[in-house]
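Participant: Using only what follows, build the 3D model:
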Amino acid sequence: MTRRVERLERSFATDLERAVFKTPLCDTHEHLQYENAWIEEKADVLSDLLNNYVPADLLTAGASQKAVERALDSKDPDIAGRLAGVLPALERSRYTGYAETVYLCVRHVYGIEELTAAALAEAQPILEGLKQPGERLRLLRDVAGLEHVQTDDFVWAALPDPSGKDFFFYDLSWRNFCNGEIPVEEIHKETGIEVKDLEDLDEAMEKLFEKYAPCAIAVKSQHAYNRTLLWRERERADAAIALNKLLSHPDTELAEEDRLCLGDYCWAKGVEHSIRHELPFKLHTGYYVGNQHMRTERIPAGNLCTLLIKYPKARFVLMHIAYPYQEELVAIIKHFHNTVVDLCWAWSIDPYSTKDFLRRALRAAPLNQVLGFGGDTGKPTSAYAYSIQARTWLARTLAEEVRDRALSESEAIRVAEAWMRENQREYFQLEKKRRMVAAWSGPMLEK
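Facilitator: Model prediction:
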């Protein structure tokens, strides 16, 4: 028999803590599985607990790649053996932000007091109960207390989600274009346009926005994983030459300068279309997921200043506090009116640095320049745990302001409400987008 996860009632030490935990929280960045994929995926509790960011810390703490992969393999019935292979590394990582969310999930989703193989097996009915139609929505909306969720599913098709039309919203992905990658076959399938030259590409990019911008909540790119965030304005003739090289030799990788030229050109076109369609443009800044591949020279948000200057009418969202270059980002959001920072993933990467960033941002930048939460995960169970982590650390952050007599408690509550939902509602024009989605008569998400 399955068991439901219900929102836990708790006592609060202060009115501030109560407000932070009771206020609906806007979730501006996830990579959530679609409902059908979540339901149909064969998983056990151990794989659900670890299938987020903590494997990176486990590897850094000394676990082998083989042990981590085995722990995530729900087809292996030896839960005790799988857990034993990673438990020493998990205990070494116990106080990291990544592991903190694992233990929050252990307690708040699965009701486990001690992490043992027997406890994991006993909690399996809870996971089975969550893998039912409507339970993903209920967990996030009613249990986690999220007001809405924005998901980057790495595709252009930002369509209404029938599992929660006014709750689940999707980004229009611009990653490939910013990377200088032109998937001509997919473009033809989506738009009917065969890309033979730059004019065709311009038309195709415009068509993608016309097709998907009405229901998209934002445009998103995480090309900092593959190239520098430094943007340069490009001559149209140079972009045409780079594209011709790509089309003439589709099986040959472009030289880096050609790829950057084409990427910068398409990136700029995406920004221009986002302005016309009144969509914020989200950009990954800072830290890389995983291990052993981060290029620190690519990731500072300061690389974006030329772009921010060029497009003052755009609305940029700089994600993950550009960690570990967060002080630079404080200066950016103080200086540029068309830029906000999104704390998505930041609470889990380094909660202390995020806390300090917020206190600096509060004293340097206007209150409306911060978006307070995004779990940046694929699992609804993990998203719930990340939301608890964010609420906990936000309450601590503002409690320090109250303790230092820099804010009254009522002022701190006002700040919390702005960072948790008011800024998001305004920046993403949420109610307008909900009306547009409600009136949509086109295709729906079917994935």
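
Participant: right, and the helix or strand after the helix or strand where E185 lies?
Facilitator: When secondary structure is defined using DSSP states H and E, the element that contains E185 is helix 184-191. Secondary structure here is assigned by DSSP H and E; on that basis, the next helix or strand after helix 184-191 toward the C-terminus is helix 198-212.

Participant: Name the residues that touch that next one?
Facilitator: The set of residues external to helix 198-212 that reach it, using C-beta atoms under 8 Å, 6 or more residues apart in numbering, is 156-159, 172, 177, 182, 187, 190-191, 193-195, 236, 239-240, 243, 266, 269-270, 273-274, 276-277. Placement of C-beta: from N, CA and C, glycine included.

Participant: Among those residues, name the ones in helices.
Facilitator: 177, 187, 190-191, 236, 239-240, 243, 266, 269-270, 273-274, 276 (DSSP state H).

Participant: For L49, grab phi and psi.
Facilitator: Note on L49: its backbone torsions stand at phi -70, psi -40 [degrees, to the nearest 10].

Participant: OK, contacts around it?
Facilitator: By C-beta under 8 Å, 6+ apart, the residues touching L49 are V102, C105, V106, Y110, T381.

Participant: Most neighbours of all those residues, which one?
Facilitator: With neighbours defined as other C-beta atoms under 10 Å, the most crowded of the contacts of L49 is T381; it has 27 neighbours.

Participant: helix, strand or coil for it?
Facilitator: helix (DSSP: H, G, I helix; E, B strand; the rest coil).

Participant: What distance do you get for it to L8?
Facilitator: Counting by C-beta to C-beta, to the nearest Å, the gap from T381 to L8 is 14 Å.

Participant: and if you look at T306?
Facilitator: Summarising the geometry, the distance separating T306 from L8, computed by C-beta to C-beta, is 47 Å.

Participant: Compare these two and say which is more crowded by neighbours.
Facilitator: T306 (14 against 11).

Participant: so the more buried one sits right up against R234, yeah?
Facilitator: No. In this structure T306 lies outside contact range of R234 using C-beta atoms under 8 Å: 11.7 Å.

Participant: Show me where this structure dips below the pLDDT cut-off.
Facilitator: Across the chain, the stretches falling below the confidence threshold (pLDDT under 70) are 1-2, 447.

Participant: Can you show me the strands along it?
Facilitator: Remark: strands of the chain, listed N- to C-terminal, are 25-30, 146-151, 168-173, 216-221, 281-284, 316-319, 339-342, 370-371; assignment by DSSP state E.

Participant: Mind putting the ones you listed into TSV with distance to P443 and mean neighbour count?
Facilitator: TSV is the format used below for these (distance: least, C-beta to C-beta, whole Å; neighbours: other C-beta atoms under 10 Å):
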stretch	distance to P443	mean neighbour count
strand 25-30	22	27
strand 146-151	17	24
strand 168-173	13	26
strand 216-221	14	26
strand 281-284	24	27
strand 316-319	27	24
strand 339-342	29	26
strand 370-371	29	26
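
Participant: Columns distance to D44 on top of those, output as CSV?
Facilitator: Formatted as CSV, those follow (distance: least, C-beta to C-beta, whole Å):
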stretch, distance to D44
strand 25-30, 22
strand 146-151, 24
strand 168-173, 25
strand 216-221, 31
strand 281-284, 31
strand 316-319, 31
strand 339-342, 32
strand 370-371, 34
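
Participant: all helices for the stretch 301-447 of the chain, in order.
Facilitator: Secondary structure of the stretch 301-447 of the chain by DSSP state H, counting those that start in this stretch: the helices cover 305-310, 326-335, 346-349, 351-364, 380-403, 409-417, 423-427, 430-438.

Participant: which of the ones you listed sits most buried?
Facilitator: Of all those, helix 346-349 has the most neighbours on average by mean count of other C-beta atoms under 10 Å, namely a mean of 27.

Participant: got the domain boundaries for the chain?
Facilitator: Here the domain parsing of the chain from automatic domain parsing is 42-130, 135-438.

Participant: OK, contacts around the closest residue in space to V106 that isn't next to it in sequence?
Facilitator: Computed as C-beta to C-beta, 6 or more residues apart in numbering, the closest residue to V106 that is not its neighbour in sequence is I112, at 4.7 Å. For I112, the contacting residues are V106, A119, L120, A123, by C-beta under 8 Å, 6+ apart.

Participant: Ok, I39 next?
Facilitator: For I39, the residues meeting the contact criterion (C-beta under 8 Å, 6+ apart) are K131, Q132, P133.

Participant: Kindly format the C-alpha coordinates of stretch 303-315 as PDB.
Facilitator: What follows is the C-alpha trace of stretch 303-315 in PDB, where atoms were taken according to Å, rounded to 0.1, in the frame of the first residue of the first chain:
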ATOM      1  CA  ASN A 303      32.100  38.700 -19.500                       C
ATOM      2  CA  LEU A 304      28.600  39.600 -20.300                       C
ATOM      3  CA  CYS A 305      28.900  43.400 -19.800                       C
ATOM      4  CA  THR A 306      29.200  44.200 -23.500                       C
ATOM      5  CA  LEU A 307      26.000  42.300 -24.100                       C
ATOM      6  CA  LEU A 308      24.200  44.000 -21.200                       C
ATOM      7  CA  ILE A 309      25.200  47.400 -22.600                       C
ATOM      8  CA  LYS A 310      24.200  46.600 -26.100                       C
ATOM      9  CA  TYR A 311      20.700  45.500 -25.200                       C
ATOM     10  CA  PRO A 312      19.300  47.800 -22.500                       C
ATOM     11  CA  LYS A 313      15.700  46.800 -23.400                       C
ATOM     12  CA  ALA A 314      16.400  43.100 -22.800                       C
ATOM     13  CA  ARG A 315      15.600  41.500 -19.400                       C
END
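
Participant: was I right about L50 contacting T101?
Facilitator: No. Here L50 does not reach T101: they are 10.8 Å apart, not a contact under C-beta under 8 Å.

Participant: neighbour-wise, which of the two wins?
Facilitator: For L50 against T101, the residue with the higher neighbour count under other C-beta under 10 Å is T101, and the figures read 27 against 21.

Participant: Look up how far T339 lies from the more buried one.
Facilitator: As defined by C-beta to C-beta, T101 lies at a distance of 28 Å from T339.

Participant: ditto for E422
Facilitator: When C-beta to C-beta is the yardstick, E422 and T339 sit 18 Å from each other.

Participant: what do you get for S441?
Facilitator: Counting by C-beta to C-beta, the gap between S441 and T339 amounts to 35 Å.

Participant: and the contacts of L49, which of them are in helices?
Facilitator: Cross-referencing these against helices under DSSP H gives V102, C105, V106, T381.

Participant: surely the last one meets C105?
Facilitator: Yes. Applying C-beta under 8 Å as the test, T381 and C105 come out as touching, 5.7 Å apart.

Participant: Which residues are in contact with each of these two?
Facilitator: Each of D48, L49 lies in contact with both T381 and C105 under the rule C-beta under 8 Å, 6+ apart.

Participant: For T339, give me its contacts.
Facilitator: The neighbours of T339, taking C-beta under 8 Å, 6+ apart as the test, are L308, F316, V317, L318, I332, I333, Q369.
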